[in-house]
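K.L.:
attaching a predicted model along with its sequence, questions to come.
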Amino acid sequence: MLALSVHNLSVQYQQQKVLENVHFQVPKGSITGIIGPNGAGKSTLMKAILGLVPITEGKVDVLEQPFTQQKDLIGYVPQRSEVDWDFPINALDVVLMGRYKHFKRFRPISKQEKDLAMSFLKEIGMEAYANRQISQLSGGQQQRVFLARALAQNTPIYFMDEPFAGVDAATEKMMIQLMKQWKNDGKTVIIVHHDLQTVQEYFDHVLLLNKKTICCGKTRDVFHPQNIERTYGGSLTFPPSIAGNSL
């Protein structure tokens, strides 16, 4: 079963096409990386799929149904730069935001929900910071809190925009281990990513993008120097793990 199908998606800003006829599929129970140079439209693509920016043409299916019918099945972790870190909210409240669809209207948040949110913070090693205002956390700690919010959403599909940016090595390792556990549980994770050296380790599928689809498929089949050069243009220096993967 396909977790995501994108059909000929285009996005246009002020008469200029930012994305053109992007098409790709993501199988259920996979970790897929969206890879491309700066300005390739990676974040715009993710936002367009999620309905956060208007699509000029094309369509999106989630679990083989139109996105509009399935949007509640998607969890989203935005780029850190898009979050107002000065907003007066603590770590526990951020995680509780992931549970809002389970709350009863006009009722106080139950102790059960607060305990559940605390359990997610504990899972990612942040329970001691539950009452800490998010602006007082380090970049890695902030990203862990948003990962806990994603856990609280408990959706079958997760979109993450540059989740490893600005985090320490220990946090990145913890995050990818958790995502691989999600995959083992049948969930699907789709990540905008920029570090070519970790692509083969982190992702079983990749979309190589530069305003249009360059190629998409299993990492072992499509992530090789020829396709990477087509995506980035010019001549690149590849680490040995990639250079040895040429066709």
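P.N.:
On my side now, so go ahead.

K.L.:
check contacts around Phe120.
P.N.:
Residues near Phe120 by C-beta atoms under 8 Å, 6 or more residues apart in numbering: Val95, Gly98, Ala148, Arg149, Leu151, Ala152. From N, CA and C alone the C-beta is placed, and that goes for glycine too.

K.L.:
for these, which single residue is the most surrounded?
P.N.:
Most neighbours among the contacts of Phe120, by other C-beta atoms under 10 Å: Val95, with 29 neighbours.

K.L.:
OK, contacts around that residue?
P.N.:
Ala117, Met118, Phe120, Leu121, Val145, Ala148, Arg149, Leu151, Ala152.

K.L.:
give me that answer again for 7 Å
P.N.:
Neighbouring residues of Val95 by C-beta atoms under 7 Å, 6 or more residues apart in numbering: Ala117, Phe120, Leu121, Val145, Ala148, Arg149, Ala152.

K.L.:
confirm the fourth one sits in a helix?
P.N.:
Yes. Residue assignment for Val145, taken from DSSP: H, G, I helix; E, B strand; the rest coil, places it within a helix.

K.L.:
for it, which non-adjacent residue is closest in space?
P.N.:
Ala91 (4.7 Å; C-beta to C-beta, 6 or more residues apart in numbering).

K.L.:
equivalent analysis for the third one, please.
P.N.:
Closest residue in space to Leu121, ignoring its immediate chain neighbours: Glu127 at 4.7 Å, by C-beta to C-beta, 6+ apart.

K.L.:
right, and the one you found touches Ser119 too?
P.N.:
No. Glu127 is beyond contact range of Ser119, at 8.4 Å (criterion: C-beta atoms under 7 Å).

K.L.:
could you give the average pLDDT over stretch 112-120?
P.N.:
Mean pLDDT, stretch 112-120: 89.

K.L.:
now it, how far from the centre of its chain.
P.N.:
Put simply, stretch 112-120 sits 23 Å off its chain's centre (C-alpha atoms, centre = their mean, to the nearest Å).

K.L.:
how about stretch 59-68?
P.N.:
So, by C-alpha atoms, centre = their mean, the centroid of stretch 59-68 is 17 Å from its chain's centroid.

K.L.:
same thing with stretch 50-57?
P.N.:
Using C-alpha atoms, centre = their mean, the offset of stretch 50-57 from its chain centre is 17 Å.

K.L.:
one more: stretch 182-193?
P.N.:
The answer for stretch 182-193 is 8 Å, by C-alpha atoms, centre = their mean.
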